[in-house]
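Undergrad: Build the 3D model from these lines:
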Amino acid sequence: MKLILMLQQSKERLTAQELADRFGVTKRTIYRDLNTLSELNVPVTHDPYKGYGVISGYTIPPLMFTTRELATIMVGLNFVKSQIDQNLVNDAKGVEIKVKELLPEKLRAFMNSLHNKTIVDPFLNFGHEKKEGGNWYLISSAIAEQQTLQFTYKSLKKKQTTKRKVDPYLLVFYKDHWNMIGFSHIRGEIRNFILDQITNLSVMDETFSSPIDFNAEALIFGSSDLGEKVVLHIDKSVDRAFKANLPTKIIKYEAINAKINKVEFRFDNLDYLNQWLLQFGEKVFVQSPDLLIQKRRDLIARISQSIEGNHQPE
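TA: The predicted model follows:
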C-alpha cells in the first residue's frame, strides 16, 4: 500500500534504488514487490531511464465500511491512543491517517466527526505522561513467529535488574499496563513481565513450540492451586467495580444477604492485594487469611501515622 501511494503521489518516476532507499530494503525486494503489484493488476509502468510509476488516473478502490464498522474502528483506535506507551499511541495515529486517506468522502466526513469525540478511559488518556517501553510490536511479532526473546528486566517486586530469555505466549492488557506472559528459561516456568520494565529487547534465532494444551485463560490466571486462598465480604455497592478490576480469577461467589456478597479467590502477592483493596475503603471486609488481615491492619496504622505526622505543628 505504501509503495502504491508513493508511486501515485510522486510527480516524477522513481528508480528501484530510490524506492529501496526510502523503504530501507534491497532493490531485489523492490523488484519482487513491483511484480506482486503487477499480478494484482495495479498498472505499474517502467521507463528504463527514469524509473517506475503508476498510470495517470489510477486510484485505489476505496475501503468500504458501514458507519457502524467505522465507529467500531474508531473505538478500537481510541483505546490504543489512550495507552501510556507512546509507541502504541503513535502507531494508532498512523493507522487512523491511512484509513482516512483511503475512505470515500462521505465516510471520511463521518470519521472526522467522531475524531476526539469517542474517549476510552479518560483518566489514562489525559492523566498520564506517555512513555516508551517494551516494544510491543517486536514482542507481538515474536509471538506470531514463535521466536524466543532476550531482554533486560527490572523487577518491581525484588528491585533488581536481570537478563531474561523467554518464549513469549501472550500480550495482555491489565487496566493501565501491558504484560507479556511466557516461559522463562531461567525460572523454568511461566512468568509475567510488565512491558515498560523491559529494555534491550532482541529476537533470537531460536524458535519454540506452543504448549500442546495452550489455554489463554489458564496462562493469564494461573493454576487455582497457586497463592493464598482469600475470602472477602464485599458491599454490593462496589460489587461491579470489584469484579471488573480484580487481578485474578474468582473461584467462588455467593450472596450472604441483601447487602453483602462473599468472594473467594487465590492470590500470590498479598502485599499488592492489600494495597489494591484500599480503593474500596470500608466496603470490603477481609475474612481470611489471617496474614492479609494483619497486613491490612498494619497498612492502615501506617497511613494513620503519616496523616498525623503531616499535621504536626512546626
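Undergrad: Please name every helix or strand in contact with the longest strand along the chain.
TA: Determined from DSSP state E, the single longest strand within the chain is strand 160-174. Here strand 160-174 touches helix 136-145, strand 147-155, strand 177-184, strand 189-194, helix 216-221, going by 3 or more CB pairs under 8 Å, 6 or more residues apart in numbering; DSSP states H and E. In short, each C-beta sits where N, CA and C put it, glycine included.
Undergrad: how does it look with 6 Å?
TA: helix 136-145, strand 147-155, strand 177-184, helix 216-221 (3 or more CB pairs under 6 Å, 6 or more residues apart in numbering; DSSP states H and E).
Undergrad: tell me the mean pLDDT over it?
TA: Averaging pLDDT along strand 160-174 yields 90.
Undergrad: For that strand, give me every contacting residue.
TA: 139-140, 142-143, 148-154, 179-185, 208, 219-220 (CB atoms under 6 Å, 6 or more residues apart in numbering).
Undergrad: Name the nearest residue to residue 114, sequence neighbours excluded.
TA: Nearest residue to residue 114, sequence neighbours excluded (CB to CB, 6 or more residues apart in numbering): residue 74, at 4.9 Å.
Undergrad: How many residues are close by that neighbour?
TA: 20 (other CB atoms under 10 Å).
Undergrad: I'd guess it is in a strand, am I close?
TA: No. Under DSSP: H, G, I helix; E, B strand; the rest coil, residue 74 sits outside any strand and is assigned helix.
Undergrad: That one contacts residue 118, doesn't it?
TA: Yes. At 5.3 Å, residue 74 counts as touching residue 118 under the criterion of CB atoms under 6 Å.
Undergrad: ok, then the element right after the helix or strand that contains residue 275?
TA: In this assignment (DSSP states H and E), residue 275 forms part of helix 270-277. Sequence-wise, the next helix or strand downstream of helix 270-277 (DSSP H and E) is strand 284-288.
Undergrad: Quick check: buried residues in the helix or strand that contains residue 111?
TA: Residue 111 belongs to helix 105-114 when assigned by DSSP H and E. For helix 105-114, burial by neighbour count (16 or more other CB atoms under 10 Å) applies to 107-108, 111, 114.
Undergrad: how about the strands of the stretch 1-150 of the chain, start to end?
TA: 44-47, 51-54, 147-155 (DSSP state E, counting those that start in this stretch).
Undergrad: out of those strands, which comes closest to residue 25?
TA: Of all those, it is strand 51-54 that lies closest to residue 25, at 14.6 Å by CB to CB.
Undergrad: Who are the packing partners of that closest one?
TA: helix 2-9.
Undergrad: Quick one: mean pLDDT for the helix it packs on?
TA: For helix 2-9, mean pLDDT rounds to 82.
Undergrad: Please tell me how far the residue nearest to residue 114 sits from residue 112.
TA: Relative to residue 112, residue 74 is positioned 10 Å away (CB to CB, to the nearest Å).
Undergrad: just how off-centre is the helix holding residue 111 within its chain?
TA: In terms of CA atoms, centre = their mean, to the nearest Å, the centre of helix 105-114 is found 27 Å from the chain centre.
Undergrad: And that helix, what does it pack against?
TA: By 3+ CB pairs under 6 Å, 6+ apart, helix 105-114 packs against helix 67-81.
Undergrad: Could you list the buried residues of the helix it packs on?
TA: Neighbour-count burial for helix 67-81 [16+ other CB under 10 Å]: 70, 73-74, 77-81.
Undergrad: do stretch 190-208 as well
TA: 190-191, 193-195, 197-198, 201, 203, 208.
Undergrad: Between the two ends of stretch 14-30, what distance do you get?
TA: End-to-end distance of stretch 14-30 (CA to CA, to the nearest Å): 11 Å.
Undergrad: quick check: mean pLDDT across that stretch?
TA: 90.
Undergrad: Equivalent analysis for stretch 184-203, please.
TA: Rounded mean pLDDT across stretch 184-203 is 90.
Undergrad: coming back round to it: and the helices and strands packed on strand 160-174, which one's lowest on average pLDDT?
TA: Among the helices and strands packed on strand 160-174, helix 216-221 carries the lowest mean pLDDT (a mean of 75).
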